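Trainee: model this:
(chains A and B)
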Amino acid sequence: MALRTHTTAAWSVVTGITRRLGSALADLVPIIVVVAFFQVVVLRQPFPQLGEILLGGVLVVLGLMLFVEGLEIGLFPIGEAMADALAQKGSLFWLIAFSFALGFSTTVAEPALIAVSDEAARIAADGDLIENSDGSRASYALGLRLSVAFSVGLAIVVGVLRILKGWPLYYLIIGGYVMVMLMTIVAPREIIGLAYDAGGVTTSTITVPLVTALGVGLSSVIKGRSPLTDGFGLIAFASLLPMVFVMGYGLLVF
Amino acid sequence: MPVGSDFGSVLLATLRDVAPIVVLVLFFQIVVLKRPIPQLPRVILGAVYVVIGLALFLMGLQKALFPLGEIMATQLSSPALVGGEGGLPVGWWSYYWIYAFAAMVGFATTIAEPALIAVAFKAHEVSAGTIGQWGLRVTVAIGVAFGLALGAFRIVSGTPIYLYILAGYVVVLVQTIFAPKHIIALAYDSGGVTTSTVTVPLVAALGLGLSNAVPGRNPALDGFGLIAFASLFPIIAVMGYAQVMEWKTGKASER
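Mentor: Below is the predicted model:
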């Protein structure tokens, strides 16, 4: 009997990993197909550094697979349970504090943001915008990530208040657009492209599922809110505010 | 981020990146909710997976996705392909392979994106079946493809990005007035979900590589911005698709 439970447990781990492998590959396979097509049909030459890139590709797939599997068995269940418990608890202070901390901490660990801010630091150093040393690159990249994380935290708080008060979503969106455009006028030109990108970068692997769980949990607890129309929309504002804050960061640094 | 063999230091940096989440969970679970952590061994195992996975991903990124984006940008904008040997200026239209590549990467990655499949499913539900899942995914993928190609054109031509984004915002606002109410929040959210963890670094590297390769462009000024295009166009595509479908079903029921 004990043996049998062990084998079923082992089997569920194996199927879990193969399923995860499939979805990690689903991200990479389209890229491989397109690149291969261009290499063979358009460029008609062997790919440079093929071995290195294949090895890196394997690392990306393995890493992403472990990362998402870890999130699903560890963080998502507890995060969703907490979001639900806090929504029911009815303490506005703790709900707001949790919303901010959730947006902030999940953004700090967002892989795409880590990657892009490192790249941005390299470009800024090459372009003599910041001092070209390991220390100043690292602090510029960290500063970028913290401003994005802070703004996502703030955006989640505003989004939660929206669900509580029932403000229409497009007020926030229009307000966000106006802020983005105003900041564009004063921000240094070198930060604008990066700032606009920050919006799309922030919301991927970790942030979206947890924030969506918070929104849907909240709107199913509060009377007169529909999870489908009120629960969503948290992400949208969370991709506008980082643009504003990164431009602010650019004003401070350059 | 230290590159390559230095797995130890990447792992350490990753621990630092994940630390805020651990603090958040511990604090709220123990201090605020006053509950023990359910299934603690599972949560710890999950955390170990997250840290190792993130470290591997970041190392792979440096070895694969960044070089891939830059190499493709350099190859496809080389004088052999676009002409202009000997420093002669070439027009923006000569970079058509770049636009085609950007569009195809956008389309292929979006159509396979798991997050978009989830959004399409929800949209189907919210619209009571008027919005087809497959139709929506194709529409969004075309939106992203067009967005990335336009973004690549912006880098090649060196025009200011805010003009494009401003125009996009105006379109979104006008659409918001006319689109079916129940689809708006979902459409806004779809902008964030189409740019996945794998696509973002590749597309960023493509833009930076392109701004390096095209004469007269500066990576610091022109290199970024492709991701912004890829997250704006899905919003327009989802609302547009919902409008068209509503209009179609309206016509059908009038008859």
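Trainee: at contact distance from chain A, anything in the one helix or strand B:Leu116 maps to?
Mentor: According to DSSP states H and E, B:Leu116 maps onto helix B:114-126. Yes. Legend: contact between helix B:114-126 and chain A by Cβ under 8 Å from any Cβ of the partner chain is shown at B:114-115, B:122, B:125-126. Heads up, the C-betas are built off the backbone N, CA and C, glycines and all.
Trainee: Tell me the helices and strands packed up against that helix.
Mentor: Under the contact criterion of 3 or more Cβ pairs under 8 Å, 6 or more residues apart in numbering or on different chains; DSSP states H and E, helix B:114-126 touches helix A:2-37, helix B:133-157, helix B:184-193, helix B:226-254.
Trainee: how about the last one: buried residues?
Mentor: If I follow you right, that is helix B:226-254. Using 16 or more other Cβ atoms under 10 Å in any protein chain shown as the test for burial, helix B:226-254 gives B:226-242, B:245-246.
Trainee: Can you tell me the closest non-neighbouring residue to A:Ala81?
Mentor: B:Pro38 (7.2 Å; Cβ to Cβ, 6 or more residues apart in numbering or on different chains).
Trainee: Just to check, A:Leu240 is in contact with A:Ala155?
Mentor: Yes. Checked against Cβ atoms under 8 Å, the pair A:Leu240 and A:Ala155 is within contact range at 7.2 Å.
Trainee: Which of those two has more residues huddled nearby?
Mentor: A:Ala155 (30 against 22; other Cβ atoms under 10 Å in any protein chain shown).
Trainee: Which single residue in chain A comes nearest to chain B?
Mentor: Residue nearest to chain B within chain A: A:Gly74 (1.8 Å; Cβ to the nearest Cβ).
Trainee: ok, now which ones touch that residue?
Mentor: B:42-47, B:49-50 (Cβ atoms under 8 Å, 6 or more residues apart in numbering or on different chains).
Trainee: show me where pLDDT drops low in the stretch 1-150 of chain A?
Mentor: Filtered on pLDDT under 70, the stretch 1-150 of chain A yields the residue ranges A:1-14, A:16-17.
Trainee: and residue 18, how many residues sit next to it?
Mentor: Because you didn't say which chain, this covers chain A. By other Cβ under 10 Å, 10 other residues sit near A:Thr18.
Trainee: Oops, wrong one, chain B.
Mentor: 20.
Trainee: Am I right that it is in contact with A:Glu110?
Mentor: No. If you go by Cβ under 8 Å, B:Val18 and A:Glu110 don't touch, sitting 10.9 Å apart.
Trainee: shouldn't B:Leu232 be in contact with B:Ala167?
Mentor: No. With contact defined as Cβ under 8 Å, B:Leu232 does not reach B:Ala167; the gap is 9.7 Å.
Trainee: how near is the spatially most central residue of chain B to chain A?
Mentor: Centre of chain B computed as the mean C-alpha position; nearest residue by Cα atoms, centre = their mean is B:Thr195, 2.1 Å away. Applying Cβ to the nearest Cβ, to the nearest Å, the value for B:Thr195 to chain A is 4 Å.
Trainee: Next, the buried residues of the helix holding B:Leu116.
Mentor: Result for helix B:114-126 [16+ other Cβ under 10 Å]: buried residues B:115-116, B:119-120, B:122-124, B:126.
Trainee: got it, and stretch A:18-33?
Mentor: By neighbour count on 16+ other Cβ under 10 Å, the buried set for stretch A:18-33 is A:20, A:24, A:26-28, A:30-31.
Trainee: try stretch B:167-181
Mentor: Going by neighbour count (16+ other Cβ under 10 Å), the buried part of stretch B:167-181 is B:168-169, B:171-172, B:175-176, B:179-180.
Trainee: Show me the contact partners of that stretch.
Mentor: Contact partners of stretch B:167-181, identified using Cβ under 8 Å, 6+ apart, comprise A:170, A:173-174, A:177, A:180-181, A:229, B:127, B:184, B:187, B:232-233, B:235-236, B:239-240, B:242-243, B:246.
Trainee: Can you get me a residue count around the residue nearest to A:Ala81?
Mentor: B:Pro38: 11 surrounding residues under other Cβ under 10 Å.
Trainee: Report the residue ranges of every domain in the chain.
Mentor: In the absence of a named chain, chain A is used. Using automatic domain parsing, the domain parsing of chain A gives A:1-73, A:90-253.
Trainee: my bad, chain B
Mentor: Domain segmentation of chain B under automatic domain parsing yields B:1-63, B:77-254.
Trainee: Tell me which of those domains is the most buried.
Mentor: Of all the domains of chain B, domain B:77-254 carries the top mean neighbour count, a mean of 21, counting by mean count of other Cβ atoms under 10 Å in any protein chain shown.
Trainee: residue contacts, A:Gly250?
Mentor: A:187-188, A:190-192, A:194-195.
Trainee: As CSV, those residues with distance to B:Val203 would be great.
Mentor: What follows is the contacts of A:Gly250, written out as CSV (distance: Cβ to Cβ, whole Å):
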residue, distance to B:Val203
A:Ala187, 22
A:Pro188, 23
A:Glu190, 19
A:Ile191, 19
A:Ile192, 17
A:Leu194, 13
A:Ala195, 16
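Trainee: Highest neighbour count among those residues?
Mentor: When neighbours are taken as other Cβ under 10 Å, the top entry among those is A:Ala195 (30 neighbours).
Trainee: where does that one sit relative to A:Val60, distance-wise?
Mentor: Applying Cβ to Cβ, to the nearest Å, the value for A:Ala195 to A:Val60 is 26 Å.
Trainee: go on, B:Ser9?
Mentor: With the distance defined as Cβ to Cβ, B:Ser9 ends up 19 Å from A:Val60.
Trainee: same deal with B:Ala80?
Mentor: For B:Ala80, the distance to A:Val60 equals 30 Å [Cβ to Cβ].
Trainee: A:Ala81 too?
Mentor: Taking Cβ to Cβ as the measure, A:Ala81 falls 31 Å from A:Val60.
Trainee: Likewise for B:Leu61?
Mentor: For B:Leu61 relative to A:Val60 (Cβ to Cβ), the value is 6 Å.
Trainee: and the strand or helix carrying B:Leu163 with helix B:133-157, angle?
Mentor: Using DSSP H and E, the element containing B:Leu163 is helix B:161-178. Using axes from the mean of the first three to the mean of the last three Cα atoms, to 10 degrees, one finds that helix B:161-178 and helix B:133-157 are set 150 degrees apart in direction.
Trainee: tell me the average confidence for helix B:161-178?
Mentor: Averaging pLDDT along helix B:161-178 yields 91.
Trainee: Work out the gap between it and the centre of the chain.
Mentor: When distances are taken as Cα atoms, centre = their mean, to the nearest Å, helix B:161-178 is centred 18 Å away from the chain's centroid.
Trainee: could I get it in CSV with only the CA atoms?
Mentor: Output of helix B:161-178 as CSV, limited to C-alpha atoms (Å, rounded to 0.1, in the frame of the first residue of the first chain):
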residue,chain,number,x,y,z
ILE,B,161,8.4,56.8,-29.9
TYR,B,162,5.9,59.0,-28.1
LEU,B,163,4.2,60.0,-31.3
TYR,B,164,3.3,56.3,-32.0
ILE,B,165,2.3,55.6,-28.4
LEU,B,166,0.2,58.8,-28.2
ALA,B,167,-1.6,57.8,-31.4
GLY,B,168,-2.1,54.3,-30.0
TYR,B,169,-3.6,55.8,-26.8
VAL,B,170,-6.0,57.9,-28.8
VAL,B,171,-7.2,54.8,-30.7
VAL,B,172,-7.6,52.9,-27.4
LEU,B,173,-9.6,55.7,-25.8
VAL,B,174,-11.9,56.1,-28.9
GLN,B,175,-12.4,52.3,-28.9
THR,B,176,-13.2,52.3,-25.2
ILE,B,177,-16.2,54.5,-25.9
PHE,B,178,-17.6,52.1,-28.5
